[in-house]
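Novice: What follows is a predicted protein model with its sequence.
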Amino acid sequence: MKNIREIENIIKYKFKNIELLDSALKHTSFDNKKNNDFERLEFLGDRVLGLVITDILYENYKNESEGDLAKRLAVLVSGDILLKISKDLRIHNFIKVGAKVNFNGHNNKSILSDAMEALIGAVFLDSNYNIAREFIVNIWQDHIKNYKKPPKDSKSILQEWAASHNYDNPIYLDYNKTGEDHNPSFSVKLKLDKFPIVSGKGNSKKDAEMDAAKNIMNLIEEEK
């Protein structure tokens, strides 16, 4: 485990209160005592990230509708983007997890995306909104610029494809949740007309639905 002070050079922010950084990198599973600090920082960071990205999108895309802004927001705060940024910042080299947690390094989407949000929460508490905003902008700016047009998620793409081919709306059913509260896993099945039922998995119901929609679109492509 590397010294957590090293990550300050990577994220380009020096903490006044190093305990906040330590808490952001100490997963709930790390010790036997109930550790609420990580979850509370994650909760805070999630809200700060959402507000900052919303603020940026509102400023930068003055002619877009609420619906298009919402599509951009959904992608930019998604688990996939959080995971990618966590990998770029090498958070997997610094986070502490419990011995019983199956932490497969830089590929653990749930833990690393949660840790990224906890880190944002820690920066916000250690500073203020404007500094936290600058911190997020510096890290997210390339991802924001990547989308010249409002992105479409896999559910939206599937919905539009089904409508254009005169199929009924996709049906998501048989939701299931497994795993610990701090590291849940969701699964769902997706039924679309004549096609075989497919399943999807994710760290939230929404992610599982997205995965299922992507899987059935892949199946449709294979059958062409």
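Specialist: On my side now, so go ahead.
Novice: Give the residue farthest from the middle of this protein.
Specialist: residue 166 (33.0 Å; CA atoms, centre = their mean).
Novice: any idea how far residue 194 is from it?
Specialist: When distance is defined by CB to CB, to the nearest Å, residue 166 is 12 Å away from residue 194. No exception for glycine: its C-beta is placed from N, CA and C like everyone else's.
Novice: Check this structure for its longest helix and report it.
Specialist: Longest helix in the chain by number of residues (criterion: DSSP state H): helix 36-60.
Novice: Does anything pack onto it? Which helices or strands?
Specialist: helix 18-24, helix 66-76, helix 109-126, helix 129-145 (3 or more CB pairs under 8 Å, 6 or more residues apart in numbering; DSSP states H and E).
Novice: distance between that helix and the chain's centre?
Specialist: Its chain's C-alpha centre and that of helix 36-60 lie 11 Å apart, by CA atoms, centre = their mean, to the nearest Å.
Novice: now do stretch 63-76
Specialist: 16 Å.
Novice: buried stuff in it?
Specialist: Within stretch 63-76, the residues that qualify as buried are 64, 69, 71, 72, 73, 74, 75, 76, counting by 16 or more other CB atoms under 10 Å.
Novice: Next one: the residue farthest from the centre of the chain from residue 74, what distance?
Specialist: Counting by CB to CB, the gap from residue 166 to residue 74 is 27 Å.
Novice: Pop out the phi and psi values for residue 96.
Specialist: phi -110, psi 130 (degrees, to the nearest 10).
Novice: Just the pLDDT for it.
Specialist: As predicted, residue 96 sits at a pLDDT of 85.
Novice: quick one: the helix or strand of the chain with the lowest mean pLDDT to chain centroid distance?
Specialist: Sorted by mean pLDDT, DSSP states H and E, the helices and strands of the chain end with helix 205-223, the least confident at a mean of 87. In terms of CA atoms, centre = their mean, the centre of helix 205-223 is found 18 Å from the chain centre.
Novice: Sort out which residues of that helix are buried, please.
Specialist: 205-217.
Novice: who touches that helix?
Specialist: Helix 205-223 is contacted from outside by 78-79, 153-155, 157-158, 161, 170, 172, 175, 186-190, 192, 195-196, 198-202, using CB atoms under 8 Å, 6 or more residues apart in numbering.
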